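Chemist: A predicted structure for the sequence below; I have some questions about it.
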Amino acid sequence: MLRVIKFVFNTSLKALKLKPIKNPQCELKVISDSEFAGDRDTRISVYGYVTYYYGAPISWCSIIISD
């Protein structure tokens, strides 16, 4: 518990700051990417996406598919 408390106090000034775009129109943007069996040894496929609303990320997903 003391390690957790010390961590919280030592990192209290660090944060991920998200700033939405100041735009009167609603903006919803989704970006996706994929790689199908790019690694020849493992044939692992990777897919992912990020959803932005007014420029701030609101959801994301990353999926690894292997046989």
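Modeler: Yep, it's here.
Chemist: helix or strand next in line after whatever helix or strand Asp33 lives in, which one?
Modeler: Asp33 belongs to strand 28-35 when assigned by DSSP states H and E. Counting by DSSP H and E, the next helix or strand C-terminal to strand 28-35 is strand 45-53.
Chemist: what angle sits between the following helix or strand past that following strand and strand 28-35?
Modeler: Where DSSP H and E defines the elements, the next helix or strand beyond strand 45-53 is strand 56-65. With axes from the mean of the first three to the mean of the last three CA atoms, to 10 degrees defining the directions, strand 56-65 sits at 20 degrees from strand 28-35.
Chemist: partners of strand 56-65 in the sheet?
Modeler: Strand 56-65 has its sheet partners listed here by DSSP bridges as strand 45-53 (antiparallel).
Chemist: and the strand it pairs with, how far out from the chain's middle?
Modeler: 8 Å (CA atoms, centre = their mean, to the nearest Å).
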